[in-house]
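>>> Mind folding the following:
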Amino acid sequence: MKYNIKNVQRQARELLLRIFYSYDQKEDNLESILNEYTRIKTIHPEVIKHAYNVISFFEKNKETVDNLIKSHLQKWRFERLGYIERAILRIAITELLILKETNKEEDLMIKRIVLDALDLVECYTGSKESVKFINGIIGKVIREMFTHPYVY
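Presented below is the predicted three-dimensional model:
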């Protein structure tokens, strides 16, 4: 069965949310948490591959990702972020950095990352305030990272 790339990425982002959430709770290795999830549940190989790529990049660039988030928090400390909000920001910013590094700065890819992040935060928090907060941080990061302005 051929998987739609949009569907693969969306499923991977949802899996990554669970992994990053667990990471903050357990302070375990992200790859170990991914392996634990794949032992428990059958997950399409393309979803696992995308999740693994994001995890690998994050582990090599954790400080950069977290510093990007911290630099855009106003009147808020990184440690005070909710687990879900922190996980979603880490995933989205990691994926944006991957796009930047691989020169795949396509509007559609960036929009998909943002829309999935906002959908996940709304789905898992039920808070419009969290959606606005996440959108604001990601929007600032995008404007800083990419040469042409994206408006969301």
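>>> Show the contacting residues for Glu14.
Leu120 (CB atoms under 8 Å, 6 or more residues apart in numbering). Every residue, glycine included, has its C-beta placed from N, CA and C.
>>> Find out how far the helix or strand hosting it is from the centre of the chain, if you would.
Here Glu14 sits within helix 5-26, counting by DSSP states H and E. The chain centroid and the centroid of helix 5-26 are separated by 8 Å under CA atoms, centre = their mean, to the nearest Å.
>>> Give me the neighbour count for the closest residue to Ala12 other than its chain neighbours.
Using CB to CB, 6 or more residues apart in numbering and skipping the chain neighbours, the partner closest in space to Ala12 is His50 (3.8 Å). Counted with other CB atoms under 10 Å, residues neighbouring His50 total 21.
>>> Also Glu101?
Residues near Glu101, counting by other CB under 10 Å: 10.
>>> rewinding a little: which element, helix or strand, includes the residue nearest to Ala12?
Going by DSSP H and E, His50 is in helix 45-71.
>>> Can you give me the buried ones in the helix or strand Lys111 falls within?
Counting by DSSP H and E, the element that carries Lys111 is helix 107-125. Using 16 or more other CB atoms under 10 Å as the test for burial, helix 107-125 gives 109-110, 112-114, 116-118, 120-121, 124-125.
>>> got it, and stretch 34-49?
34, 37-38, 46-48.
>>> Specify the local secondary structure of Gly129.
You called it Gly, but residue 129 is Glu. Secondary structure for Glu129, judged by DSSP: H, G, I helix; E, B strand; the rest coil, is helix.
>>> what's around it, how many residues?
8.
>>> Could you check how far the nearest residue to Phe78 once chain neighbours are set aside is from Arg86?
Leaving out its chain neighbours, the residue that sits closest to Phe78 by CB to CB, 6+ apart is Lys70, at 4.9 Å. For Lys70, the distance to Arg86 equals 11 Å [CB to CB, to the nearest Å].
>>> which neighbours do these two share?
What both Lys70 and Arg86 touch, as defined by CB under 8 Å, 6+ apart, is the set Phe78.
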